[in-house]
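# sharing a sequence plus its predicted fold:
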Amino acid sequence: MKIKTLFNRYKIFILLVLVIALAVSGYAYYRSTSNKLLDIDNFNSFRDSLNDLEETEAGGFASQDELKEFIKSWADERSLEYVEDKAGNIIFDKPAVKRKKNAAPTMVAVSMNYETATDNASMLASAASIASSDVDSGRRTVIFFNDEKNLGKGYKHLNKKYIKGKPKVIYMDQGSSFYLSTSSFREVLSEAIVPAEREESTLDTAVRVKITGIESNEINSGISKQPDPISAVSSLLTRLKSKSAICRLADINVESNGNMYPTGIEATFTMNSYAVGSFTSYIEKRIKAWNKSYGDDHENLEFTYEVIDDPDALPNKVYSAETTDALTSVLYTAKTGTYRYGEGDPIPEGKEANDLYGINCATDITAGKDSIKVSFVTQGYNEMFTSRIIYDNTAAAELYGCDYKVNTVYDEFLNERDSLSRTFEETYKKVNSKITPKSTLKVLSDNYFTPCSYLAAKNENADIIHLRINPANASNIANTVLCYIKAKGNTSIFN
């Protein structure tokens, strides 16, 4: 009897050990998988498909519709539910699971622009993999915003039902750096208006200059690295003026690209034949300089010119000397480029002298019968510093008898709440505890305009952060976003 009792106790002990072992094993497995929520195969598939497109002859998408069809086809293959709204946004909206119906909703926002899609493959793959995940969460909305030509159409016309209440909003874009931000620049759209008069041409020669094949991009702090066709033509006009050459501008046409960098320009200058040789020699020097500076990054770039001396082919009408001179002066004086804090400036906390506080970019020249309008996109740290740049533009215009008009202002973005940023930082530390120090999540201020301003205008109660990601850490960030969505601050599940 005693032997049987001992045997039964031994069986119970063995069973208890097995149960504990299974529990420990299960907990260990849970710990190893609870912070690995990203379907890496899904992420890689989406990213690689975009990268493959970049290697084709087309080099990417030919239109915004092509990009939208790519995303929708990907979703259809996985039986994902989505809608395309009237503004052209593609929206994946998943309701909360029952036990998390009271959790704050989360929105993940990315810009959808066919011109930059292949360059931003990792960022778009991150959004796609977050949209396709089946992780249990509160309401989760992933939106590919229609941002063709960086005009913000999808953001401005978003139905507020997708961002109601007190949502946590994570906006993602892609670049060479990696950080979290809760502030970005304001943006002003404006124009200088040059009074224009046309007259009969009396000059015997014309030179037509053409620049094409520039790859456009969003306007940001990298403006100095971007080929600027408007500045190129401005330098030609300034050269003629400095040589006291009799010159008239016959026509000018910019390949404008909305609120992005222009992609090309064509302009015709009329002059007397004796001035042509010196002028074309200068053009050839500029062409060599352009090819050296930009040829590697812009494979389709072409900077060419032709001399027109056939009387029948010469322009009949040109802009007057006053109009040509005024346009030349405005383009020369209204600086295109970056602005930085000086030692005597009221430098904001956390900033230093020589840090960037503003960006100014001429994006279009629209030549009409009575006026020539030069369009500018201006970005600045806040109202005061943005107004500085607008003041400079205005002064440049008024100095030469031109008007200046501010058309649209988008406020700077500043999120003074710390709930989302703090919780996301903590989630990142827990989820990526074994990564190298170089991959730590820095908290910085954006030195350019972001769509966070549009989103903040939709709902003043939204808690918004911006994640700037790069290809090296995109999958880590996507996984961290999913872990944040799942845990919502309860990072103990990752311990």
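Right, received. Where do you want to start?
# am I right that Val254 sits in a helix?
No. With the criterion set as DSSP: H, G, I helix; E, B strand; the rest coil, the secondary structure at Val254 is strand rather than a helix.
# how close does it get to Ser221?
If you measure Val254 against Ser221 using Cβ to Cβ, to the nearest Å, the figure is 23 Å. Just so you know, the C-beta spots here come from the backbone N, C-alpha and C atoms, and that holds for glycine as well.
# more crowded one of the two?
For Val254 and Ser221, the more surrounded residue by other Cβ atoms under 10 Å is Val254, and the numbers stand at 23 against 16.
# can you pull up the bridge partners for the more buried one?
With DSSP bridges as the criterion, the beta-bridge partners of Val254 are Ile265.
# go ahead and confirm it touches Ala232.
No. Checked against Cβ atoms under 8 Å, the pair Val254 and Ala232 is beyond contact range at 11.1 Å.
# which neighbours do these two share?
Common neighbours of Val254 and Ala232 are listed as Ile265 (criterion: Cβ atoms under 8 Å, 6 or more residues apart in numbering).
# residues near the spatially closest residue to Val209 that is not a sequence neighbour, how many?
The shortest distance from Val209 to any residue that is not its chain neighbour, by Cβ to Cβ, 6 or more residues apart in numbering, is 4.8 Å, and that residue is Tyr305. Tyr305 is surrounded by 18 other residues when neighbours are defined as other Cβ under 10 Å.
# Ser235 now?
Using other Cβ under 10 Å as the criterion, Ser235 is surrounded by 15 other residues.
# now do Ala121
Other residues within reach of Ala121 by the criterion other Cβ under 10 Å amount to 23.
# the closest residue in space to it that isn't next to it in sequence: which element?
Once its chain neighbours are removed from consideration, Ala121 has its nearest residue in Leu50; the separation is 3.7 Å (Cβ to Cβ, 6+ apart). Remark: Leu50 resides in helix 40-54, with elements defined by DSSP states H and E.
# can you give me the strands in the stretch 201-350 of the chain?
For the stretch 201-350 of the chain, the strands defined by DSSP state E, counting those that start in this stretch occupy 205-212, 247-255, 264-271, 302-308, 317-319, 337-340.
# could you dump those to CSV with distance to Ile469?
Output for the strands of the stretch 201-350 of the chain, formatted as CSV (distance: least, Cβ to Cβ, whole Å):
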stretch, distance to Ile469
strand 205-212, 32
strand 247-255, 30
strand 264-271, 31
strand 302-308, 34
strand 317-319, 47
strand 337-340, 23
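# for the chain, just list every one of the helices.
With DSSP state H applied, the chain shows helices at 2-34, 40-54, 64-77, 121-132, 153-156, 229-242, 276-294, 321-333, 383-399, 419-431, 452-458, 474-487, listed in chain order.
# any idea which helix or strand in the protein has the lowest mean pLDDT?
helix 2-34 (a mean of 47; mean pLDDT, DSSP states H and E).
# list the contacts of the residue nearest to Asn473 when sequence neighbours are not counted.
The shortest distance from Asn473 to any non-neighbouring residue, by Cβ to Cβ, 6+ apart, is to Phe178 (5.5 Å). Applying Cβ under 8 Å, 6+ apart, we find Phe178 in contact with 439, 441-442, 468-470, 472-473.
# run the last query once more with 7 Å
Contacts for Phe178 (Cβ atoms under 7 Å, 6 or more residues apart in numbering) come out as 468-470, 473.
# what average pLDDT does the longest strand along the chain get?
Determined from DSSP state E, the single longest strand within the chain is strand 356-367. Throughout strand 356-367, pLDDT has a mean value of 97.
# and for Ala102, the neighbour number?
Small correction: residue 102 is Asn, not Ala. 7.
# ok, Ala353 next?
Neighbouring residues of Ala353 were enumerated by other Cβ under 10 Å; the total is 11.
# for Tyr274, same thing?
In terms of burial, Tyr274 registers 11 neighbours under the definition other Cβ under 10 Å.
# would JSON lines of the strands of the stretch 201-350 of the chain with mean pLDDT and distance to Ala58 be doable?
Listed next are the strands of the stretch 201-350 of the chain as JSON lines, based on pLDDT from 0 to 100; distance: least, Cβ to Cβ, whole Å:
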{"stretch": "strand 205-212", "mean pLDDT": "98", "distance to Ala58": "17"}
{"stretch": "strand 247-255", "mean pLDDT": "97", "distance to Ala58": "19"}
{"stretch": "strand 264-271", "mean pLDDT": "98", "distance to Ala58": "18"}
{"stretch": "strand 302-308", "mean pLDDT": "98", "distance to Ala58": "18"}
{"stretch": "strand 317-319", "mean pLDDT": "96", "distance to Ala58": "38"}
{"stretch": "strand 337-340", "mean pLDDT": "96", "distance to Ala58": "32"}
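# how close does the closest residue to Gly489 other than its chain neighbours sit to Asp251?
Spatial nearest neighbour of Gly489, excluding adjacent residues (Cβ to Cβ, 6+ apart): Thr423 at 4.7 Å. Using Cβ to Cβ, we find Thr423 at a distance of 57 Å from Asp251.
# mind checking which of the contacts of Phe178 are buried?
Taking 16 or more other Cβ atoms under 10 Å as the criterion, what is buried in these is 468-469, 473.
# out of the residues you listed, which sit inside strands?
With DSSP E as the criterion, strands contain 468-469 from among the buried ones among the contacts of Phe178.
# what is the lowest-pLDDT residue among the buried ones among the contacts of Phe178?
The pLDDT minimum for the buried ones among the contacts of Phe178 sits at Asn473, where the score is 92.
# how close does that one sit to Lys429?
Using Cβ to Cβ, one gets 14 Å for the distance from Asn473 to Lys429.
# before we move on, what about Lys225?
With the distance defined as Cβ to Cβ, Lys225 ends up 34 Å from Lys429.
# which residues touch Ser224?
By Cβ under 7 Å, 6+ apart, the contact set of Ser224 is 337-338.
# buried residues of stretch 343-350, list them for me.
In terms of neighbour count (16+ other Cβ under 10 Å), stretch 343-350 has its buried residues at Ile347.
# contacts for it, please.
By Cβ under 7 Å, 6+ apart, the surrounding residues in contact with stretch 343-350 are 341, 353, 381, 445.
# give me the number of residues near the first one?
Burial measure for Tyr341: 19 neighbouring residues, criterion other Cβ under 10 Å.
# test my guess that it contacts Gly380.
No. Using Cβ atoms under 7 Å as the test, Tyr341 is too far from Gly380 to be in contact (11.5 Å).
# need the overlap of contacts for these two.
Tyr357.
# for Tyr469, which non-adjacent residue is spatially closest?
Just to correct that, residue 469 is Ile rather than Tyr. For Ile469, the spatially nearest residue (Cβ to Cβ, 6+ apart) is Ile477, at 4.8 Å.
# show me the contacts for the one you found.
Listed by Cβ under 7 Å, 6+ apart, the contact partners of Ile477 are 126, 467, 469.
# and it, how far is that from Phe61?
When Cβ to Cβ is the yardstick, Ile477 and Phe61 sit 24 Å from each other.
# same question, Arg286
In this structure, Arg286 and Phe61 are 32 Å apart, going by Cβ to Cβ.
# have a look at these two and say which one is more surrounded.
Neighbour tally, Arg286 and Phe61, criterion other Cβ under 10 Å: the higher count belongs to Phe61, 20 against 17.
# so which residue is dead centre in the chain?
Glu218 (4.6 Å; Cα atoms, centre = their mean).
# and the residue nearest to Phe385 when sequence neighbours are not counted, what does it touch?
Spatial nearest neighbour of Phe385, excluding adjacent residues (Cβ to Cβ, 6+ apart): Tyr357 at 4.6 Å. Residues in contact with Tyr357, defined by Cβ under 7 Å, 6+ apart, are 339-341, 380-381, 385.
# try 10 Å this time
Under the criterion of Cβ atoms under 10 Å, 6 or more residues apart in numbering, the contact partners of Tyr357 comprise 185, 338-342, 345, 347-348, 351, 379-382, 384-386, 388-389, 447.
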